[in-house]
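1. requesting a structural model of the entry that follows:
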Amino acid sequence: MAPNIKSQWKHISTLLKERKYKALKAYMSSLTAKQVTHSLGHLSKQDQEDLLTALPAKDAAEIIEEIPETQAAEIIMRIDTEQAASIINEMHSDEKADLLLEFNTEEAESIIVEMEPVEADKVRQLISYPSNTAGGLMITEYFSFLETFTVKDLAEKLRGRAEEFEGYNVMYLYVTTELGKFAGVLQIRDLLFALPSTKLKDITIENVYSLHHSATLDDLTSFFKKHDFFAVPIIDEMQKLIGIVLRKNVLEANADRSNYEHLETQGIIGGDELRTMPVFTRAKRRLSWLSVNIILNIIAASIIAINQDVLSSVIALAVFLPIISDMSGCSGNQAVAVSMRELSLGVVQPFEALRVLWQEMSVGLINGFILGALIGIAAWLWKGSIALGLVVGSALALNTLVAVSLGGTIPLLLKRFGVDPALASGPLLTTITDMLGFFLTLTFAAYAMSHLEGI
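-> Okay, here's the model as predicted:
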């Protein structure tokens, strides 16, 4: 019986200690990607190194491709450079690039120089492109043939290099000129029904869409939304075919970006964090915004301190203060999320802050009025005081209007001034809505004090 998920890593450790490498290889092949990631996270550092070095490079490469790049880089850096290079040699081109980008330039180059020369040249080119561009997302495992080839030439080339082409996607065959320029796509159907002497040029579909290597992730996302293609060919300035970007890789990149941005909105600097990282590294990532938030929250708390006489006279206000600040914060964060999404899709630009402000104010007026009325009625029913209902209702309505307006515009303004909106928008908005919510509630209560006595 196979070990359960809690003991999988223990079974791997046992196989390593007993040097049962054949059984280890078979067992690792039987695990899912999640199981591999979970098991490696529980193995000791020594066992992690032993696992990669005990398996054939191809099998080790499959394991490295299954786990997060951050975790993979930590393990790779601890093993011998020559062994690391042999493992990376066996990885898919895009996976190689993603992994090597986790290292600094010197560390990456120390591995690349040990790789096979052809693979080293390819990976140097790939890591030179920004990560979220077509160049950074493309793969170099694709079928490309000269237009002067015949169908017979193509078939012989494929048969002669079957092992090399084992991991390639065979959806499309790409055709190039003798100068390497992209000429078009060859459909498998046309290839099968063509005579052996037919030249590829005669059955190639020309004028096929292609994208430049500088195309952004948003460009790629838009392209695949418009076209139901499996992949898109990528060209350079000379119109030469240099790679392809798969639809699935664009979907994965968008998911990674969303996850990264979500982590940054929670104050985790640098995106991906794993609990296998050093404790001080993780603490440093989180403290960056938390330390700033202490100052901002002290300012918010000082508003309550200044108005403590009002609060002590009307104890019921203490119940509504957190509700007002939280509800307004939620409304504002909805607006932040919409602006972040529109920025990432290119729907809105930083200079359009005034237009966005007007659009959000319209929503803020409606939602603020409804939410203010609801909490006002709740306060009146609870304490039987119309004055209390008006105070808390007006405070929530006005704070919601401001929160929504700021939530829509803060990301655009931060982007315009070169500050990462994913990182700063949430904490900034939350602190402002807290301060304003406390201020409005206590100020309105101070003016209505004669009607609130004894509540």
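
2. helix or strand next in line after whichever helix or strand residue 366 is part of, which one?
-> Of the helices and strands defined by DSSP states H and E, residue 366 is found in helix 353-383. Moving toward the C-terminus from helix 353-383, the first helix or strand encountered (DSSP H and E) is helix 386-416.

3. who does that next one touch, helix- and strand-wise?
-> Using 3 or more C-beta pairs under 8 Å, 6 or more residues apart in numbering; DSSP states H and E as the contact criterion, the elements in contact with helix 386-416 are helix 317-345, helix 353-383, helix 421-447, helix 449-452. Bear in mind the C-beta positions are built from the backbone N, C-alpha and C, glycine included.

4. rerun that using 6 Å as the cut-off
-> Packing contacts for helix 386-416, counted by 3 or more C-beta pairs under 6 Å, 6 or more residues apart in numbering; DSSP states H and E, involve helix 317-345, helix 353-383, helix 421-447.

5. mean neighbour count, mean pLDDT and distance to residue 126 for these - can I get that in TSV?
-> Formatted as TSV, the entries for the helices and strands packed on helix 386-416 read as follows, by neighbours: other C-beta atoms under 10 Å; pLDDT from 0 to 100; distance: least, C-beta to C-beta, whole Å:
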stretch	mean neighbour count	mean pLDDT	distance to residue 126
helix 317-345	20	83	24
helix 353-383	17	91	37
helix 421-447	22	82	26
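
6. quick one: which of the ones you listed is nearest residue 409?
-> If you check each of the helices and strands packed on helix 386-416 against residue 409 by C-beta to C-beta, helix 353-383 wins as the nearest, at 4.8 Å.

7. the closest one: how far from the chain's middle?
-> Taking C-alpha atoms, centre = their mean, to the nearest Å, one finds helix 353-383 lying 33 Å from the centre of the chain it belongs to.

8. kindly report the same for stretch 445-455.
-> 50 Å.

9. could I have the CA atoms of it written out in CSV?
-> Backbone C-alpha positions of stretch 445-455 (Å, rounded to 0.1, in the frame of the first residue of the first chain) are rendered in CSV as follows:
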residue,chain,number,x,y,z
ALA,A,445,-21.7,63.3,17.6
ALA,A,446,-20.1,66.4,19.2
TYR,A,447,-22.4,68.7,17.3
ALA,A,448,-25.4,66.5,18.3
MET,A,449,-24.3,66.0,21.9
SER,A,450,-27.4,67.7,23.3
HIS,A,451,-29.6,65.0,21.6
LEU,A,452,-27.4,62.1,22.5
GLU,A,453,-27.0,62.5,26.3
GLY,A,454,-27.6,59.2,28.2
ILE,A,455,-27.3,56.9,25.2
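
10. tell me how many other residues surround the nearest residue to residue 351 once chain neighbours are set aside.
-> The spatially closest residue to residue 351, leaving aside those adjacent along the chain, is residue 416, at 6.9 Å (C-beta to C-beta, 6 or more residues apart in numbering). Other residues lying near residue 416 total 14 when counted by other C-beta atoms under 10 Å.

11. so residue 416 sits against residue 350, correct?
-> Yes. Taking C-beta atoms under 6 Å as the definition, residue 416 is a contact partner of residue 350 at 3.7 Å.

12. quick one: mean pLDDT over stretch 398-417.
-> Per-region confidence: stretch 398-417 scores 89 on mean pLDDT.

13. gap between the residue nearest to residue 386 when sequence neighbours are not counted and residue 33?
-> Spatial nearest neighbour of residue 386, chain neighbours left out: residue 380 (5.8 Å); criterion: C-beta to C-beta, 6+ apart. Residue 380 sits 56 Å away from residue 33, taking C-beta to C-beta, to the nearest Å as the criterion.

14. which other helices and strands does the helix or strand hosting residue 63 contact?
-> When elements are defined using DSSP H and E, residue 63 is found to belong to helix 57-66. Contact partners of helix 57-66 among helices and strands, from 3+ C-beta pairs under 6 Å, 6+ apart: helix 33-42, helix 81-89.

15. and of the ones you listed, who's closest to residue 444?
-> Residue 444 lies closest, by C-beta to C-beta, to one member of the helices and strands packed on helix 57-66: helix 33-42, at 52.5 Å.

16. how about the closest one as PDB, C-alpha atoms only?
-> Listed next in PDB are the C-alpha coordinates belonging to helix 33-42 (Å, rounded to 0.1, in the frame of the first residue of the first chain):
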ATOM      1  CA  ALA A  33       2.900  17.700  -8.600                       C
ATOM      2  CA  LYS A  34       1.200  18.700  -5.300                       C
ATOM      3  CA  GLN A  35       2.500  15.600  -3.600                       C
ATOM      4  CA  VAL A  36       6.100  16.300  -4.800                       C
ATOM      5  CA  THR A  37       6.000  19.900  -3.600                       C
ATOM      6  CA  HIS A  38       4.600  18.900  -0.200                       C
ATOM      7  CA  SER A  39       7.200  16.100   0.200                       C
ATOM      8  CA  LEU A  40      10.100  18.200  -0.700                       C
ATOM      9  CA  GLY A  41       9.000  20.900   1.700                       C
ATOM     10  CA  HIS A  42       9.200  18.400   4.600                       C
END
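
17. so which elements touch the very next helix or strand once past it?
-> Toward the C-terminus, helix 33-42 is succeeded by helix 45-54 as the next helix or strand (DSSP H and E). When contacts are defined as 3+ C-beta pairs under 6 Å, 6+ apart, helix 45-54 packs onto helix 8-17.

18. give the buried residues for the helix or strand that the helix it packs on is followed by.
-> As assigned by DSSP H and E, the chain's next helix or strand after helix 8-17 is helix 21-30. Of the residues in helix 21-30, those buried under the neighbour-count criterion (16 or more other C-beta atoms under 10 Å) are 21, 24, 27-28.

19. what angle separates helix 21-30 from helix 57-66?
-> 30 degrees (axes from the mean of the first three to the mean of the last three C-alpha atoms, to 10 degrees).

20. can you give the contact residues for helix 21-30?
-> Judged by C-beta atoms under 6 Å, 6 or more residues apart in numbering, the contacts made with helix 21-30 from elsewhere in the structure are 15, 54-55, 59.
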